[in-house]
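Engineer: Test case, fold it:
(2 chains)
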Number of protein chains: 2
Amino acid sequence: MESDYGIPRELSDLQKHRSLYQPDLPPCLQGTTVRVEFGDATTAADPAGSHTISRSFPHTYGQPLAHFLRATAKVADAQIITEHPAKRVGIVFCGRQSPGGHNVVWGLYSALKIHNPSSVLLGFLGGSEGLFAQKTLEITDEILSTYKNQGGYDLLGRTKDQIRTTEQVNAALTTCKNLKLDGLVIIGGVTSNTDAAQLAETFAEAKCSTKVVGVPVTLNGDLKNPFVETDVGFDTICKVNSQLISNVCTDALSAEKYYYFIRLMGRKASHVALECTLQSHPNMVILGEEVAASKLTLFDLAKQLCDAVQARAEQGFLDISRNALLFLNSPTDSVYVLIDKNHGVILIPEGLIESIPEVYSLLKEIHGLLRQGVSVDKISSQLSPWASALFEFLPPFIKKQLLLHPESDDSAQLSQIETEKLLAHLVEVEMNKRLKEGTYKGKKFNAICHFFGYQARGSLPSKFDCDYAYVLGHICYHILAAGLNGYMATVTNLKNPQNKWRCGAAPITAMMTVKRWAQNPNSSFIGKPAIHPATVDLKGKAYELLQQNAVKFLLDDLYRNPGPLQFDGPGADAKPVTLCVEDQDYMGRIKLLQEYLDKVRTIVKPGCSQEVLKAALSSMASVTEVLSVLSTPSSNGMNSL
Amino acid sequence: MESDYGIPRELSDLQKHRSLYQPDLPPCLQGTTVRVEFGDATTAADPAGSHTISRSFPHTYGQPLAHFLRATAKVADAQIITEHPAKRVGIVFCGRQSPGGHNVVWGLYSALKIHNPSSVLLGFLGGSEGLFAQKTLEITDEILSTYKNQGGYDLLGRTKDQIRTTEQVNAALTTCKNLKLDGLVIIGGVTSNTDAAQLAETFAEAKCSTKVVGVPVTLNGDLKNPFVETDVGFDTICKVNSQLISNVCTDALSAEKYYYFIRLMGRKASHVALECTLQSHPNMVILGEEVAASKLTLFDLAKQLCDAVQARAEQGFLDISRNALLFLNSPTDSVYVLIDKNHGVILIPEGLIESIPEVYSLLKEIHGLLRQGVSVDKISSQLSPWASALFEFLPPFIKKQLLLHPESDDSAQLSQIETEKLLAHLVEVEMNKRLKEGTYKGKKFNAICHFFGYQARGSLPSKFDCDYAYVLGHICYHILAAGLNGYMATVTNLKNPQNKWRCGAAPITAMMTVKRWAQNPNSSFIGKPAIHPATVDLKGKAYELLQQNAVKFLLDDLYRNPGPLQFDGPGADAKPVTLCVEDQDYMGRIKLLQEYLDKVRTIVKPGCSQEVLKAALSSMASVTEVLSVLSTPSSNGMNSL
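Structural biologist: So this is what the prediction gives:
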């Protein structure tokens, strides 16, 4: 097996060119000293869950934020680490491959060697299975040479995305002890970073000296919170998908006879679909978050799509306000337009199917029965009457897909469920009906379905992802040098140029929430603390941008082609639209707040005038009162972030 | 409808950058004079068909080749055209959109205006339907500005790809007369260029002064003959598909658990699949031409795929020579290798399904019944016992797809038939059987299927396609300036830099062949003359290159990622591998031959010595004897080119 990994390989001219690209480091990571400043102790985003989280993570909950500073920065409290004993660090890929992952390995390797050439980086072969079985490859310059700035996870490979059972956690512990690792770096998304936090806690409990560090790498873009602005791979995936969506838009406009239904990989949340919409301007996108918020049924959805198709097809004036749903994301202004179009492009996130309330209930029943060991061919007869009615109505291909066993995170096998075909089918049936009844007078509806996922995942990473991943790799070293355990490497202020990036680390537990749900009316169940996938914020600026343009996108075919991913010239330095429109920089603001508090403390030192003290007390009293009110636990803690 | 076309639109940064790109012209097209040299009268490639063709095309068969020369070239016989009266020219997109099509319009427009600013270019809106209905858009600088070097056919649109029935031909004739066109340029593939030849003949017969010109633009790359080295769009399509195939290869190697079955758009021939294989190095490709030549059945194919999967999966030594088919394109050397792989990438041309003999027979029966008006649900009961047995064996989704009505060129609806799913299904069934029987001991076989077509067709064209199309557009003007009718614009020596490109024109009838087939043992049927899609030449250099590497590709995972289409830096100037390995330049050689013949005539002028004359006679006698033998009609005329 081992011989598969890390072998040199033939690179194309472009791959060679990319392999020579050297990302810049922000000033705070340059040089050979590590300078760290600690902030206040962290809490969990959802105050209501903090007690549960602190109980589950007694050793790693409540640790302070860490900021890495340039050696010359004037910060009195910052700790300067100048001695760098040789370290032994392990690194492992977990979960779906995401473009840029290799650069985390390279960045960490490079930082280790800069600070002490005797340090060793061991890559675990074949993902978590390699971690359990102690299968390693020592990373060297030679091995890295054909993997720098390249896509995929094939340098080390990956298998399952779980390090969760007692057996698995113990195997990881044994490996880290046997290999005498000072650090273990886990590259992955929400699930893998939750596992990393658990591992860090277990290691601390077991007095194992290996520190565990997580890195946010997931094409889904759903590891998103105040500390993490975006994930490695998301930019590339959205660029590759947008290229293809735009090509399909051009195709639709050239032949003018097809509706393209395109499903996009990205798990439960609709980040990829939203970003691609803002890049390519297809006619419609159905965000899972909107459907869930509006509690739309499958039939509501199909009807809305049909109304949109009909409106585009029939020459005449269309009153958008009467057509309440044209489209979900459009405000209901009265707009009159003249159109006559028999083509279109519709984006569908793979997680949509789980966002449709009645389908979600059906899936829960099916998964429950599967867990009870009911065989697949007996399930339909054991469903509740209501779920059974829905199930029997669905076309056979979807039935078969809904019956698949759920994934390790309890969600359905989203990549295998062809929601785009289901919707196209329902729309076709309804449009044919309308055509027959004479209520629709346009041309016959023709759909072509696509699923874009696997063809993007292995792409050469964009410049942004190369840079971001490389910098995160360096930060992993800084975290280990500072002796931190259970932290995630973070870079904020990402929408600005690289020399303005803020590098730091946040305790993974500070990103966790606890889900509650009622299994039956009399009991409520409290889940395990975990990082949950962030959903698209329906109050955020990116969504607002979509809403502002939804009617124009639907009716005017404002297709835009960002083109294939470029590494030179225009477009090469583009960053995700959703990243750039948001006003994030949470870490920067936390630091600024700390500075204000320090300033107050400096001004109001014992010995200051009575007046100053009074003024300070009265101002701070009102500030704390306002903040107490604002911070009262609410039921939807995640959304208020 | 008109308002859809030619409207200015928002371009992305990269699109804007591309819209400013100005392709170079070869020296022979520069300046304001047109210089044309005529070669010998042309014949048809297949001598046996030439009589039929000359009878069908009395006005346009046997015309000479035309070469366009630089104004300063020392060629005595060349005709120099310095007067350029204003011309009115129409242009129309026919058939599948192919990246670069817009640049033919731009090139022609630019040449028209350079030679006489009063000339007018009319684009037909909505393809051939616009031609029949006289719907036009006058091309201007402003209209072109956002379409230069851009993909799709959305500047003018396209509909059906046929100009064939008497009614259609007459409508086109009326349009050309009414609009007083000096020329009509048809942009398309084999079908559209055959139609162009027919239109030219009809116009000549009807004494209509409109000259018809064809341009080889088809993503399939199957309009290929001694005069046409490649088609506009083929390079882009192969680059975009290769990018995606390579991404999937990286994906396969990262997760090591899937077999990807990828079907590629490209009609009957396997040019796209062959080119993509040489660019991306997937594990296998099944060329339709190989299957047809070896008369492999569906079950042979499935078995071969299973043997390949098993060989890759089972650790141990594999004797390739015993495994006769590993793979079709591999020579049967004894090769012993150690492997253990549960992933792979397999390419399948969309035309494969028609190349499998028994499926082809089944399709012929179905299409015959459909043509007789038998309804779809009754067809299975009216099939011959043999065809029926095959049909009933197939999974339901394929049955439904095989029952679709044939396309205008009588082939099945290849884009709609999911051959990749059929093969993956057959392999899965067989592998599960082997697993159960214990003859296969590897991991469970998992397949993921893709069809790459629509997402590539609308791509921004590659630099090569931009240049080639723009130059072809200029040549169209030169053809019209020389007063030629029924010609196709040609560029040869394409693998060399642009300043070495040879520009010319060849009568479309010289590219035609006549197909014969026996409908029953006693009668043989002679088809209409047409340009037939060129198949992959199993004796050609490109195929030889594949054969040399097939075993390595299959076993060693030599995946190569050409990366996304680039417009700057490494890879931006790459041309198709299949174009570069072939030693074509037929037009150059024809010219060289003419020069030799002229030289003989110059040396052996009346008055030369008896000895020189004798030597000339004896040499020429033996030359003509050899050539007579070589040129004797053979049954497979096309292959001997």
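Engineer: Which parts of the stretch 401-550 of chain A are strands?
Structural biologist: Assigned by DSSP state E, counting those that start in this stretch, the stretch 401-550 of chain A shows strands spanning A:447-452, A:487-492, A:502-507, A:516-520, A:523-526.
Engineer: need the ones you listed in a markdown table with mean neighbour count and mean pLDDT, can you?
Structural biologist: Yep, even glycine has a C-beta here, placed from its N, CA and C like the rest. Converted to a markdown table, the strands of the stretch 401-550 of chain A look like this (neighbours: other C-beta atoms under 10 Å in any protein chain shown; pLDDT from 0 to 100):
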| stretch | mean neighbour count | mean pLDDT |
| --- | --- | --- |
| strand A:447-452 | 22 | 95 |
| strand A:487-492 | 28 | 97 |
| strand A:502-507 | 26 | 96 |
| strand A:516-520 | 9 | 61 |
| strand A:523-526 | 10 | 63 |
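Engineer: List the contacts of the residue nearest to residue A:293 when sequence neighbours are not counted.
Structural biologist: Once flanking residues are discounted, residue A:293 sits nearest to residue A:538: 6.1 Å by C-beta to C-beta, 6 or more residues apart in numbering or on different chains. Shown in contact with residue A:538 (C-beta atoms under 8 Å, 6 or more residues apart in numbering or on different chains): A:289-290, A:293.
Engineer: go on, residue A:301?
Structural biologist: Residue A:301 is in contact with A:286, A:291, A:356, A:423, counting by C-beta under 8 Å, 6+ apart.
Engineer: For the stretch 151-300 of chain A, give the residue positioned nearest to chain B.
Structural biologist: residue A:250 (3.1 Å; C-beta to the nearest C-beta).
Engineer: Next up, the contacts around that residue.
Structural biologist: By C-beta under 8 Å, 6+ apart, residue A:250 lies in contact with A:559, A:561, B:97, B:150-152, B:154, B:457-459.
Engineer: can we see that at 6 Å?
Structural biologist: B:151-152, B:458 (C-beta atoms under 6 Å, 6 or more residues apart in numbering or on different chains).
Engineer: Please list which of these are also close to chain A.
Structural biologist: Contacts with chain A are made by B:151-152, B:458 out of the contacts of residue A:250, judged by C-beta under 6 Å from any C-beta of the partner chain.
Engineer: now, which of those residues sits nearest residue B:600?
Structural biologist: Nearest to residue B:600 among the ones next to chain A among the contacts of residue A:250, counting by C-beta to C-beta, is residue B:151 at 49.6 Å.
Engineer: doesn't residue B:456 make contact with that closest one?
Structural biologist: No - look at residue B:151 against residue B:456 with C-beta atoms under 6 Å: they stay out of range, at 9.5 Å.
Engineer: Who has more neighbours out of those two?
Structural biologist: The neighbour comparison of residue B:151 against residue B:456 (other C-beta atoms under 10 Å in any protein chain shown) goes to residue B:151, with 31 against 28.
Engineer: Which residue, other than its chain neighbours, is closest to the residue of the stretch 151-300 of chain A closest to chain B?
Structural biologist: Counting by C-beta to C-beta, 6+ apart, residue A:250 lies nearest to residue B:458, which is 3.1 Å off, once chain neighbours are set aside.
Engineer: Correct me if wrong: the one you found contacts residue A:251.
Structural biologist: Yes - shown here, residue B:458 and residue A:251 form a contact pair, counting by C-beta under 6 Å, at 3.9 Å.
Engineer: which ones are touching the single nearest residue of the stretch 301-450 of chain A relative to chain B?
Structural biologist: Across the stretch 301-450 of chain A, the shortest distance to chain B (C-beta to the nearest C-beta) belongs to residue A:448, at 6.1 Å. By C-beta under 6 Å, 6+ apart, the contact list for residue A:448 reads A:258, A:260.
Engineer: That one bridge partners, please.
Structural biologist: residue A:260 (DSSP bridges).
Engineer: separation between it and residue A:420?
Structural biologist: Residue A:448 sits 10 Å away from residue A:420, going by C-beta to C-beta, to the nearest Å.
Engineer: likewise residue A:582?
Structural biologist: As defined by C-beta to C-beta, residue A:582 lies at a distance of 28 Å from residue A:420.
Engineer: Compare the two and say which one has the larger neighbour count.
Structural biologist: Between residue A:582 and residue A:420, counted using other C-beta under 10 Å, the more crowded position is residue A:420 (24 against 17).
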